[in-house]
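Enquirer: what's the 3D shape of this:
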Amino acid sequence: MSRNFHNLTAHYNIYYNGHESFKKGLNRAHETFRNDYTQILPLFYYVDESVNSSVNPDMKRAIDKATKVITFHSITAKPKVKEGDQSSQQQAFYEKKEYNKWVDDAYMLMGKSYMYQGEFFLAIETFKHVIVTFPKEDVRFLAMVWLARANIMINEMKEAERIIIALTDEREFPEDYLMELYTTKADYFIRNGNYNAASENLKLALDLKPDKEKRMRYTYILAQLFKEIEENDLAMSYYRKVSRMNPPYEMAFNAKVSMAEVYKSGTSDSNEIKNLLKKMLKDSKNIEYKDQIYYAMGNIAMEEGDKEAAIEYYSLSVSSSIRNKYQKGESALTLASIYYTEPNYLLSAAYYDSAVNLLNDDCLLYTSDAADEEDSVDLGGRRII
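Expert: The predicted structure follows:
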C-alpha cells in the first residue's frame, strides 16, 4: 500500500508536471535555435548556448520537480523477506536499491534537463548515479546513451567511444532506446569526421520513423553528409526528400540551393536546377536570399567551365548580400581565389580583404591545389594560402 501510494503521488502530482515543463523547454529550444545551413546541422539543440539560456526556466522547474520526487517519494527500505524458498524474480526484487518506479525516471529527467541547461558535468554525475543505482534496470542503457552525449559535449571523446562500443555490443539493449543510440553514434562520428559511419546510423534512426520535425532534420543532415563524401546522387536524392516534406521555408530554400551544390553538368538535373534557381530569383520572398542563389548559380557556371559567367554571379552575390555575413564572405573569398589564379592581384587582394573582415578565423585558410607556402599572403595577421 505504501509503495502504491508513493508511486501514484510521485507520478501524477509531481513527475507529470516536471515532464510537462521539460517538453515545454524542448519546444522553446526548437523555436530558439538558429540553423546555420553553411555547416552540417547539429543533431541536438542543447549544443547552442542561446538555447541553454532560453530553456533555463523550464528546465529548472523540471529539475525541481524531479528533486521533489526523489526527496519525498523515494523508497529505499527493503520489504520484509517472506519465509521459505524464493524465486529468482523475488530475489531480484529484494535486492533492489529503490522501490519507487518513478525515481529512476526522475533522475533521467534531471540529467536531460541539465544537458539542455548546458550543465554537462552535472548531467554526467546524474547519469552515472542512475547506472550505479539501477544496475539491472533497462534505464541504465538510456543513462549510458546520455552519458556518452554529455562526454561528447565536454570533448571527452575517448570516454564517449568506450561507452558507445559497450552499448553497440550489448545484446540486451532495449528497442525503445535505439533511436537515441543511433543519433548519439551519428553525432559522435560526425564530430570525428567519419561521415560514412554517421550516415549509416542516421539512416537507421530514420527507419524507426521519428516525428516529422526530427525526420526532416535527420534527412537534411544525411544530404549534407553525402555531399561531404561526394556521393552527389544520394545527396541530391535526400535534398529532394526534404523539399517534399513541406519543411519550414528556410529549410526548403536551403535544400533547393544545396541541390545546385551537388549538381553535375551534363546530367538530367542540369536544366531542372538552373530553372529552379532562376525561378527562385524572381520570388519576392527570396530578396534577402539572393546572395545564396547567385552563389549557387556561380558554382554551376564554374562546373560548366564558364568562368566569366561565374565571376558575374559571384559578384552579384557579394553586392546583393543583405544580412548573411558568412555568404558575403564566402563569395568574396571565392572571387579572391579566381582573381589570384588569373592573376589579377589588385582585385584578388581587395576581395581577400573583404573576406578577412567578414569570415571567422576557421574559414580564412583557403587552399588551392597549386598553392604552396611561398604563395601565402599575410593579411591582418592571418595567413591565407
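
Enquirer: point out where the chain drops to low pLDDT.
Expert: With pLDDT under 70 as the threshold, the chain has low-confidence stretches at 1-12, 72-102, 264-270, 360-385.

Enquirer: again, 80 this time
Expert: By pLDDT under 80, the low-scoring segments of the chain are 1-14, 72-102, 263-271, 360-385.

Enquirer: in the stretch 201-350 of the chain, which spans are strands?
Expert: Taking DSSP state E, counting those that start in this stretch as the test, none of the stretch 201-350 of the chain falls into strands.

Enquirer: how many residues are close by Glu312?
Expert: 15 (other CB atoms under 10 Å). (Glycine included, C-beta is placed from N, CA and C.)

Enquirer: i'd like the first residue to be 692 from this point on
Expert: Shifting the count to begin at 692 puts that one at Glu1003.

Enquirer: could you measure from it over to Ala753?
Expert: Here Glu1003 is placed at a distance of 54 Å from Ala753 (CB to CB, to the nearest Å).

Enquirer: ok, now Thr910?
Expert: In this view, Thr910 and Ala753 are 29 Å apart by CB to CB.

Enquirer: more crowded one of these two?
Expert: Remark: of Thr910 and Ala753, Ala753 carries more neighbours, 29 against 24, as counted by other CB under 10 Å.

Enquirer: what about that one, which SS state?
Expert: Using DSSP: H, G, I helix; E, B strand; the rest coil, the secondary structure recorded for Ala753 is helix.

Enquirer: equivalent analysis for His710, please.
Expert: Reducing the assignment to helix, strand or coil with three-state DSSP, the entry for His710 is helix.

Enquirer: then Asn726?
Expert: Following three-state DSSP, the label given to Asn726 is coil.

Enquirer: report how many residues lie close to it.
Expert: Residues near Asn726, counting by other CB under 10 Å: 15.

Enquirer: repeat that for Glu941.
Expert: Using other CB under 10 Å as the criterion, Glu941 is surrounded by 12 other residues.

Enquirer: hmm, it is touching Asn726, no?
Expert: Yes. Under the criterion of CB atoms under 8 Å, Glu941 lies in contact with Asn726, with a separation of 7.0 Å.

Enquirer: state the distance from Glu722 to Asp749.
Expert: According to CB to CB, Glu722 and Asp749 sit 12 Å apart.

Enquirer: neighbour-wise, which of the two wins?
Expert: For Glu722 versus Asp749, the count of surrounding residues by other CB under 10 Å is larger for Asp749: 23 against 11.

Enquirer: give the contact list for the more buried one.
Expert: Asp749 makes contacts with 712-713, 715-716, 719, as judged by CB atoms under 8 Å, 6 or more residues apart in numbering.

Enquirer: top of those residues by neighbour count?
Expert: Counting neighbours by other CB under 10 Å, the top entry in the contacts of Asp749 is Gly716, with 25 neighbours.

Enquirer: quick check: closest non-adjacent residue to that residue.
Expert: Distances taken as CB to CB, 6 or more residues apart in numbering put Asp749 closest to Gly716, at 3.3 Å, once the chain neighbours are dropped.

Enquirer: quick one: the nearest residue in space to Ser1011 that is not next to it in sequence and Ala943, what's the gap?
Expert: Once its chain neighbours are removed from consideration, Ser1011 has its nearest residue in Lys981; the separation is 4.3 Å (CB to CB, 6+ apart). The gap separating Lys981 from Ala943 is 16 Å, by CB to CB.

Enquirer: then Ile964?
Expert: 15 Å.

Enquirer: so how far is stretch 742-754 from its chain's centroid?
Expert: What separates the centre of stretch 742-754 from the centre of its chain is 19 Å, taken as CA atoms, centre = their mean, to the nearest Å.

Enquirer: err, stretch 1028-1036, not the other one
Expert: Relative to where its chain is centred, stretch 1028-1036 has its mean C-alpha point 37 Å off (CA atoms, centre = their mean).

Enquirer: and if you look at stretch 992-1010?
Expert: Taking CA atoms, centre = their mean, the mean C-alpha location of stretch 992-1010 is offset from the chain mean by 32 Å.

Enquirer: could you do stretch 850-861 as well?
Expert: Stretch 850-861 sits 20 Å away from the centroid of its parent chain (CA atoms, centre = their mean).

Enquirer: what's the answer for stretch 874-886, then?
Expert: Distance of stretch 874-886 from its chain centroid, counting by CA atoms, centre = their mean, is 10 Å.

Enquirer: mind listing what's buried along that stretch?
Expert: Residues 874-882, 886 are the ones in stretch 874-886 that count as buried (16 or more other CB atoms under 10 Å).

Enquirer: repeat for stretch 914-922
Expert: Counting neighbours by 16+ other CB under 10 Å, one finds that the buried residues in stretch 914-922 are 914-919, 922.

Enquirer: and the two most separated of these?
Expert: In terms of CB to CB, those reach their longest pairwise distance at Gln915 and Glu922, which sit 11.2 Å apart.

Enquirer: near Ala720, how many other residues are there?
Expert: For Ala720, the count of nearby residues is 21 (other CB under 10 Å).

Enquirer: again but with Glu847, I slipped
Expert: Neighbours of Glu847 using other CB under 10 Å come to 16.

Enquirer: this completes my enquiry, with thanks.
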